[in-house]
Structures are given as structure tokens and as C-alpha cells.
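**Q** predicted model and sequence follow; I will ask about them next.
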Amino acid sequence: MLGVILRRLLQLIPVLLGIVTIVFFLQRLIPGNPADAVLGVDAALSAKEEWLAKYGFDKPIADQYVAFLGQLLRGDFGRTFANYTPVFEVIRPRLIETAKLAFTAFSFSVLFATFIGLVSAARAGKLADKAAAVVSVLAISAPSFIIGPVLMWVFSVKLDWFPLMGNDTALSYVLPAFTLGAAMAALTSRMVRGGLVDVLSEDYIRTARSKGLAPWKVLTKHALRNAFLPALTILGMQLGVLLSGAVITEQIFSWPGLGTLTVEAVQTREYNLVSGCVLVMATIYVVCNFVVDLLYRVLDPRVRVG
């Protein structure tokens, strides 16, 4: 098992390196340069050239890339151009806010998906199952930039139940968490339902029923663990997406998270900040997938080898 873990960890390195390399070169392809964003487009050419030289932007792109990699290997994300603040100090509070929202959305998704999956499997082919299928398709199909504004208009503007924007109170989490987790909950509930329907035809389930166990006990105690395995992969991948910053949802609700920070950094040509944000997002995503892979091996003995 230790060998598998080490091998998987080594496989993460080229993935992260590839991501930060792509981001590095894509930033240089964007029209304009950080000197314009910091000093203003009307600043003197000599001032811009001096600023670019100060941060090494006057060097060949290959030299800039080597310096960039060396900086990352030292664990240094660099500093922002505008106020020379360490990049990670800027990222940390935004990452915490994204984590709070992500875990709220994730918790909602898991609870909702498990409940709806159980109900759908128990009433397979009946009205409750068909209604759940329709709602799930709508939730999966509707993008967050549709769900978010609709929820804001109904529950914030018309009913005034929840704050319209910001993260000042506990109620502020409800609408963005629902928006962020709706598609994940719908997709996971269908996978749980499908897994349960398959598992319920197994011999050990018939044995449990023959012992006189209550139907809900058979579902929750005997069937759910094995039925949840296919959904585990989806949950792990989606947790990575949620934690790495749902840009659209954060923009809609003015949530001061990592996604909003990334957009702001791109707009202001904060190259170091963009690279730091993307690297943090990518690391979270691949680590979540790594953890899911390990959990799969623990929960399902059939994939423990290799």
C-alpha cells in the first residue's frame, strides 16, 4: 500500500508542473503587461521599462520561466506587484472563505443525494422515482449562472429570506451553497440510486431480507455502502472543484473567495498572484482525486492490487 501511495504522489508532480507551465505562458500571451496595470497606460515609457526590469520582465521568456520554477521549488509564490505583499498571504484568507462555502455545499450535496437516492431506489419505477429523475435532470442541466440569479430574485429580492450578497451571516451561505452544490447533488443522487438498484438484486441482500430485516435497514445498513462506491469518485472530483474555487458562483454572490481573487488577479495582470491561485486550485484538485483513489482501495478490496 505504501508503494502505491508513493507512486501516486510522484505522478502528481508532472501534472502540477504541466498546469503551472501552461498558466505561465498563457499569461504572457494576454495583450498588455503588468506595468500598464500597475503604473497606468499613460505612464512614461522609461518608468515602465524600469519597472519591467525590476521584476525581470525584460529578460528572455526562457529565463523568466527558469526563475519562476526556481521560485516555486523554494516554496515562494512571489509578491504582488501593486503593494508587494507575499502572494500566499493574499491567497490564505480567500482560500478559507472558499473552503467554508465549499464544505457547506458539499455537506448539502451528500445529505441530499443520499436521501434522494435512497427514496428513488426504494420506490424504483414509481412516481417518487420519476419526479426525482426530472428534478435531477433539471439541476444538472441548469448552469450556476441561471440557478444563482433565480434564487437571488426569489429568496432575496421577493421573499427577503436570505442576504443578497456577501458572507456576513450564516444565512449568507444558503443560496451560494445551494447554487454550488445543486448539480453535484443531482448527479450523485442518480449514481446512488443506480448503485442501490444494482446492489438490491444481490444474494446477500435477499438473505438480509429473508431474515426479516426492515426494508430501510436493508437499504441503509447493507446496501448503501457498496452502492455508494461509484458515487465516491464523483464526490471526490467535485469536492476538488468546489474547494478550488467556483468562479461563477463566487462572482454572482460577491463571495470573497479564491475564484473571485483569480478573476481580479487576471484583470490586473498580477502574474504571481494568478500563478499562485491556479497552483493552489490544481493542488487541491489532484490531492482530492488522490484521496479518493486511496479510499476506493480501502472500501473496495478488488482494486487494492496495483
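**A** Done, it's in. Numbers count the residues shown, from 1 in each chain.
**Q** quick check: residue 235 touching residue 110?
**A** Yes. Counting by Cβ atoms under 8 Å, residue 110 is a contact partner of residue 235 at 6.8 Å. (C-beta placed from N, C-alpha, C; glycine too.)
**Q** hey, what's in contact with both of those two?
**A** residue 188 (Cβ atoms under 8 Å, 6 or more residues apart in numbering).
**Q** to the chain's geometric centre, what's the distance from the helix or strand hosting residue 15?
**A** For residue 15, the element it lies in under DSSP states H and E is helix 2-29. Its chain's C-alpha centre and that of helix 2-29 lie 17 Å apart, by Cα atoms, centre = their mean, to the nearest Å.
**Q** that one - what's its average pLDDT?
**A** The pLDDT scores in helix 2-29 average 79.
**Q** what of stretch 290-304?
**A** For stretch 290-304, the per-residue pLDDT averages 67.
**Q** helix, strand or coil for residue 112?
**A** Using DSSP: H, G, I helix; E, B strand; the rest coil, the structure places residue 112 in helix.
**Q** could you check how far the nearest residue to it once chain neighbours are set aside is from residue 261?
**A** Of all residues not flanking residue 112 in the chain, residue 185 sits nearest, at 4.4 Å (Cβ to Cβ, 6 or more residues apart in numbering). To residue 261, residue 185 is 26 Å away according to Cβ to Cβ, to the nearest Å.
**Q** list the helices and strands the helix holding residue 15 packs on?
**A** Packing partners of helix 2-29 (3 or more Cβ pairs under 8 Å, 6 or more residues apart in numbering; DSSP states H and E): helix 61-73, helix 271-299.
**Q** quick one: it to helix 271-299, angle?
**A** 150 degrees (axes from the mean of the first three to the mean of the last three Cα atoms, to 10 degrees).
**Q** other residues contacting whichever helix or strand comes after helix 2-29?
**A** Once the chain leaves helix 2-29, the next helix or strand it forms, by DSSP H and E, is helix 34-39. Contacts to helix 34-39, defined as Cβ under 8 Å, 6+ apart, come from residues 43, 47-48, 51-52, 55, 57, 81-82, 268-271.
**Q** which residue is nearest the middle of this protein?
**A** residue 241 (1.6 Å; Cα atoms, centre = their mean).
**Q** dump the residue contacts of it.
**A** Residue 241 neighbours (Cβ under 8 Å, 6+ apart): residue 285.
**Q** just the pLDDT for it.
**A** Looking at residue 241, the pLDDT reads 72.
**Q** related to what we said a few turns ago, the helices and strands packed on helix 2-29: which one's closest to residue 192?
**A** helix 271-299 (14.5 Å; Cβ to Cβ).
**Q** what residues sit buried inside the helix holding residue 15?
**A** Within helix 2-29, the residues scored as buried using 16 or more other Cβ atoms under 10 Å are 16, 19, 20, 23, 24, 27.
**Q** wait, the third one touches residue 77, no?
**A** To tie it back to what came earlier, the one meant is residue 20. No. Between residue 20 and residue 77 there is no contact under Cβ under 8 Å: 10.6 Å.
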